[in-house]
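A.B. asks: Any chance you can model this:
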Amino acid sequence: MSSPQGSADPAGAKEGASNEEEVAPRPDQGGSSWPPQDTDMKRAAAQLIEKYYFQLTDGCGSSLCDNPNCASSGKVGALTSNEAAGKALQLCAARARLCEVAGAKVRRATQSLALGTGVASSVSVPGHSSAAGHAATCSLVQDVNMASVLTPTSSLPPLPPRLDNTATGLTEETLVHTIAECRSANNYAKLRRLLWAVFSNEIALRHSFVQRSEPVKKKSVSIVRNKDTDNDGAQSKEEIRAQEEDLDKDLDCAEDACEGGGAAGGEEAPASDTKEPGGNSAGGNSAGTPKSSALDISEVQRAYAALFECPEAEFSSTLTNAVVQLLSDSLGIQLRVYKDAFAAIPNNINIFVILLESPALNTTDFIEGVMPSLCRTIGQLPDRDQAHLTRHLATWEAPRLHRMLESLHQLITIRLLTTEFMQDFTINDEDGITSATQVMKLLFYASILGGKQDTPLLRDLTLEDSALDPSAHEDPFSSVGKDWAVRPPPKDSLGSVLGIHVLDARTPLVPLCEFYDDFLSDQLEMDRDFAFYKAGSGDKFSFLNYPFILTPATKALGLYYDNRIRMYSERRISIYQQVMEGMAAQPYLKLRVRRDHIIDDALVELEMVALDNPGDLKKQMVVEFEGEQGIDEGGLSKEFFQLIVEQIFNPDYAMFCFNNETRTFWFNPNCFENDAQFTLVGIVLGLAIYNNVILDVHFPPVMYKKLCSKPGSFNDLKDWNTTLYRSLVELVEYEGDDLEEVFMQTFRVGYQDVFGTSLTHDLKTDGTTFSSARPPNMYEFVELYADFLLNKMVERQFRAFRRGFNMVTDDSPLVNLFRPEELELLICGSQHYDFMELMKSTEYDGGYTSETPVVKAFWELVHEMTTEDKKRLLQFTTGSARVPVGGLARLKLIIARHGPDCDRLPTAHTCFNVLLLPEYSDKEKLRDRLHKAIKYSQGFGML
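C.D. replies: Residues are numbered from 1 along each chain as shown. Okay, the predicted model is just below:
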């Protein structure tokens, strides 16, 4: 932008030249202007208006000034802030004369109008001379200006790390003193100016409430300073001269930082490999974090407490607007353009910690006004800084963390209700929702980090060599392609920096199910979101990359899309091979089985497919029962899985042991079946998930943890063997000195094989006794014993089982989307049988409505049924007695009229969840026919 035309003051030309220099094209941007031209013009105009505003309110500081529009000339009367702002607009439009600020040895930097206004007015007193007001604010204004200087050719942000070494910020003492003055004068204008000066300036806020080893000397240059030397607050010439010398040093530092590429403060500390007992990394959390001054959290909280004792109407809007100004105009721009350099500046993270400590964090005004900008800015931070914030959030108490989580949910709900979405603008494009989701991820990890954690998950699981396994030769699948039994858990960049994994959560501060956003999950277009997820680019936001916020039902829909796409892909490949290579078309995985020999037929056919071409397992499965006319549209597959699961867990096969106390099955370590049989069982379980079929299996929760590559630990024994778990807890909590005499337990444990022979196993070398360090050894004993029971004792069986499971689900996002408890829900369905939901979601066909007498009688009978009869009804109408993920409302049952009154029994199309119900004449006849139908239903035929 050129200088104002007609200006008689050469300072105006100088200022105009500097503005032109600021918007000149950057060499590293390929000759294009940066920032964009419109933004440059608006920002330059704002800076020019700012200069006129300062000239009217503060003056140029020259006692010889003769500019009629400068306060230093004495020709400008007393103006309010609004009057000064309006006058500044008029002067800018008229391109009036602009004075040069006295004492400024370099041009003014790109400083925001709001910041300058707050700084200048924070210490100016109406009725006093403008020159005195300028002298009082010289330290703050010029410190900010000098710290923001940046040469046009530098690639650093306008905040080099070395500029802030001597700067100080707001302290509790300054704030309390200002509040006391305002309270005594019954005028809070000074407090408002102080808050604006600090909370709209990242340099001031960065150095506020910092821990100091010694008190700050009075002669130090302070960003926020209240001088009481004179009644008018004026500074002596010596003080001003000393400040100018400090500013010259700051400018030299700025130039060195620009020329040197900003190396200062940008180096990362080496990662520490120190380990704490229990496997926790002692120094890994701080690896790569630049050294910075520690923030005094207690001082921040005391300062906020003192501030909020004042009437909120006097400062709340000022504080809110200042924070929005800081986040949107200053930090937001720097993070978008200079993200890496911004991250290298020490103490930057203090800004966000101070903002998160605000008591107004969960108020409606903060949620609607500040939270969107705060979330947007935090979401742009690098993983290292987000990890720092996560560790801070982990120190909060659970109720406080939960309140912030509720605030984020409220923000998402408000945006969903108030935003008009279109085909080209979806939920994935609304940055208020997406940035809130990103911040919620920090709360998610903070809840895990601050709660009770399980044994840390190994980041790189040891790859077991099948050649060393003496039973590997018994499993022909061990040599098929890659090692399907090994599948490391998925990693997350933030979790890696923090040194934790989602699977480490045992008792988080906030239950992980509280992070589900039901309204968002219902409104989300999963087909579109899944497409963004599979694209894998950063252009579009996908909520599947943040699975903690989606309900299991919504994630199951995303998994369904993934499975269907793979099925269609296999179908196209089969047709291509038929047309181009002349091969026989096999678009489906066809299984022809006999009901009386279902397990033999199924396992033999699956074994042949898996050995010949494991990729065929990813085709859509079609089942045909020999001697029956049913066509598989989904119903026969459900029947097949139900029958084969009943046979697999039959005690006659002895592949699994049943625990009467927990009512669950576990691998039989003494089973005579070879590994191939367990591999086939794993294939069956994988096929059920892949074909969207719910199974009636009863595994303990530790099974699903192990499928997610998380080994079992001591706490998993509670659901595996409750009695044993309680006994081990008593052992750990025993405080007597006669431990060995009371429990008679050593590191050598005993068990029996299938023939009843007593065997022993040493949990550690020389496991016959405890050592003298009794408490650590007890914890070590229970962990080793749990590892032996849940992992090592069934290692061969589970390895084969997981191999088969991964042969079907290896390319699926299953373990990326679902936690172990959600995986159990996906496989087994829900245990909540709410038939009121089913009644509300049921549709009617063939002339029936919800008011038809036979339909009303049907639902009356259903609600009178026992739980077992309700399960039989579900089995009869849908092919499965299990409740799908999301509840019975997702079944979409259809009741259709099947003719007038007759003696026929009701029938069902289990493939489509359709119940064909004749219009019986009375309720008793309906009761008789319905009970017979659900009790003796087996087999398929053509109607």
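A.B. asks: For the stretch 351-500 of the chain, give me the ranges with low pLDDT.
C.D. replies: Per-residue confidence of the stretch 351-500 of the chain (counting by pLDDT under 70) places the weak regions at 455-489.
A.B. asks: And for the chain?
C.D. replies: Of all residues in the chain, those with pLDDT under 70 make up the ranges 1-44, 100-168, 213-293, 455-489, 630, 736-745, 752-756, 766-776, 937-943.
A.B. asks: Would you point out which residue is most central in it?
C.D. replies: K441 (2.1 Å; C-alpha atoms, centre = their mean).
A.B. asks: what's the helix or strand for that residue?
C.D. replies: In this assignment (DSSP states H and E), K441 forms part of helix 431-450.
A.B. asks: In terms of secondary structure, what does that helix contact?
C.D. replies: With contacts defined as 3 or more C-beta pairs under 8 Å, 6 or more residues apart in numbering; DSSP states H and E, helix 431-450 has these neighbours: helix 371-379, helix 383-393, helix 398-418, helix 493-498. C-beta coordinates here come from the backbone N, C-alpha and C atoms, glycine included.
A.B. asks: ok so, going back, may I ask you to confirm that the residue nearest to the centre of the chain is in contact with P547?
C.D. replies: No - using C-beta atoms under 8 Å, K441 is not in contact with P547, being 10.3 Å away.
A.B. asks: Tell me who's in contact with S880.
C.D. replies: Shown here is S880, whose contacts under the criterion C-beta atoms under 8 Å, 6 or more residues apart in numbering are 638, 642, 693-694, 696, 829, 874.
A.B. asks: Mind doing that once more with 10 Å?
C.D. replies: Contact criterion C-beta atoms under 10 Å, 6 or more residues apart in numbering gives 635, 638-639, 641-642, 693-696, 829, 871, 874, 891, 910, 913 as the residues in contact with S880.
A.B. asks: Nearest to G682, out of those: which one, please.
C.D. replies: In terms of C-beta to C-beta, no member of the contacts of S880 lies closer to G682 than L695, at 12.6 Å.
A.B. asks: Columns distance to T723 and mean neighbour count on top of the helices and strands packed on helix 431-450, output as CSV?
C.D. replies: Listed next are those as CSV, based on distance: least, C-beta to C-beta, whole Å; neighbours: other C-beta atoms under 10 Å:
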stretch, distance to T723, mean neighbour count
helix 371-379, 48, 22
helix 383-393, 39, 21
helix 398-418, 31, 17
helix 493-498, 35, 19
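A.B. asks: Just give the number of residues close to the spatially closest residue to T842 that is not a sequence neighbour.
C.D. replies: Once flanking residues are discounted, T842 sits nearest to L893: 4.6 Å by C-beta to C-beta, 6 or more residues apart in numbering. Around L893 there are 20 other residues, counting by other C-beta atoms under 10 Å.
A.B. asks: Likewise for W859?
C.D. replies: Summarising burial for W859: neighbours were counted as other C-beta under 10 Å, giving 16.
A.B. asks: Now do the strands in this protein.
C.D. replies: In the chain, strands defined by DSSP state E lie at 452-453, 505-507, 588-593, 620-625, 656-659, 664-667, 748-752, 758-762, 843-845, 894-897, 907-909, 914-917, listed in chain order.
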